[in-house]
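1. how does the following fold in three dimensions:
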Amino acid sequence: MKSEPWVRRGLRAVMIFGLAGTLGGPALAAEGLNPHADEILRAMSKFLAGTPAFSVSADIGNEILTEQGQKLQLSSSATAVVQRPSRAYFSRQGGLADAEVFFDGKQLTLYGKTAKAYVQKDLAGTLDQALNTLEKGLGISLPGGDLLVADPYAALTAGATSSGYYGIAYVGGVAAHHLAFRTPQVDWQIWVKEGDEPLPLKYVITTKWTTGAPQYSVQFSNWNLKPAVPANRFSFVAPKDAARLDALPVDEMGELKAPQGSK
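-> Numbering: from 1, shown residues only. Modelled structure (predicted):
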């Protein structure tokens, strides 16, 4: 799967603060990739790609700017259950839509609970192909999707011009390496758990050329590397009141639109 869509999505999904001018001292990286940051990102990517199954929860913050110039943060929650190479379940609950994605290696289903409608496509393939279909075929933005592909390192570093290592920080009380990368369009940061399980704990994208530099952030929790997954977790059974459609309405940020008439 061609990398970069989720990092680039910062341009469309309106996202955060930049590091330039806010930190000083020897930790700041010159132009070019910082070897220590690169080493940690490679280790995280290899660990994720080599984990056959996992589940994780996420809290998502998506900043937008109103026509009056007010910055608002839209919050939502998500869960993911993955069995490589070709099974996955995702749920997303936010202010506008409550949605689920099912992929069993044969069919990909997007179900909008609020809309009581679903889209289903035959897709015999890998998780990478399912993610690509969600993004390009259905227009759906999946939080942290770069981290789920078979080669996270390639997806994350596409277009990177420089990076820095900013020491140990704490995310949810857990020690993590703080890394920051720059591309011509967006800047992004990632916090990677310290120790022998280098899991991503937080991921932030800054749309630096958009007024207000809005931010898109995903904070991960409840990582389970040996989840007990029910046999039917990845298969979709349509509720009796759900309509099958050719497409579901999606806004410019890759979020399902609320049905007309809803508040």
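2. show residues contacting stretch 44-58.
-> Contact with stretch 44-58 is made by 77-84, 143-144, 147-148, 150-153, 156, 190, 192, 197-200, 218-227, 229, as judged by C-beta atoms under 8 Å, 6 or more residues apart in numbering. All C-beta spots, glycine's among them, are computed from the backbone N, C-alpha and C.
3. among those, which are in helices?
-> 152, 153, 156 (DSSP state H).
4. residue 36: how many residues sit nearby?
-> The local packing of residue 36 (other C-beta atoms under 10 Å) involves 15 other residues.
5. and if you look at residue 135?
-> Counted with other C-beta under 10 Å, the burial measure for residue 135 works out to 18 neighbours.
6. could you do residue 61 as well?
-> Neighbour count for residue 61, taken as other C-beta under 10 Å: 17.
7. now do residue 140
-> 22.
8. re earlier: quick one, which of the ones in helices among the contacts of stretch 44-58 are buried?
-> Neighbour counting over the ones in helices among the contacts of stretch 44-58 (16 or more other C-beta atoms under 10 Å) leaves 152, 153, 156 as the buried ones.
9. picking up where we left off before, could the ones in helices among the contacts of stretch 44-58 go into JSON lines alongside distance to residue 179 and pLDDT?
-> As requested, the ones in helices among the contacts of stretch 44-58 are exported to JSON lines (distance: C-beta to C-beta, whole Å; pLDDT from 0 to 100):
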{"residue": "152", "distance to residue 179": "13", "pLDDT": "96"}
{"residue": "153", "distance to residue 179": "12", "pLDDT": "96"}
{"residue": "156", "distance to residue 179": "10", "pLDDT": "94"}
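10. out of the residues you listed, who's nearest residue 241?
-> Closest approach to residue 241 among the ones in helices among the contacts of stretch 44-58 (C-beta to C-beta): residue 152, at 38.3 Å.
11. so the closest one sits against residue 146, correct?
-> Yes. Using C-beta atoms under 8 Å, residue 152 makes contact with residue 146 at a distance of 6.1 Å.
12. residue 62: which of the buried ones among the ones in helices among the contacts of stretch 44-58 is nearest?
-> Nearest to residue 62 among those, counting by C-beta to C-beta, is residue 156 at 19.2 Å.
13. the closest residue to that closest one other than its chain neighbours: neighbour count?
-> In this structure, residue 156 finds its nearest non-sequential neighbour in residue 146, 5.3 Å apart by C-beta to C-beta, 6 or more residues apart in numbering. Applying other C-beta under 10 Å, we find 30 residues neighbouring residue 146.
14. right, and the helix or strand after the longest helix seen in the chain?
-> Across the chain, the helix with the greatest residue count (assigned by DSSP H) is helix 35-49. Going down the chain from helix 35-49, the next helix or strand is strand 53-65, by DSSP states H and E.
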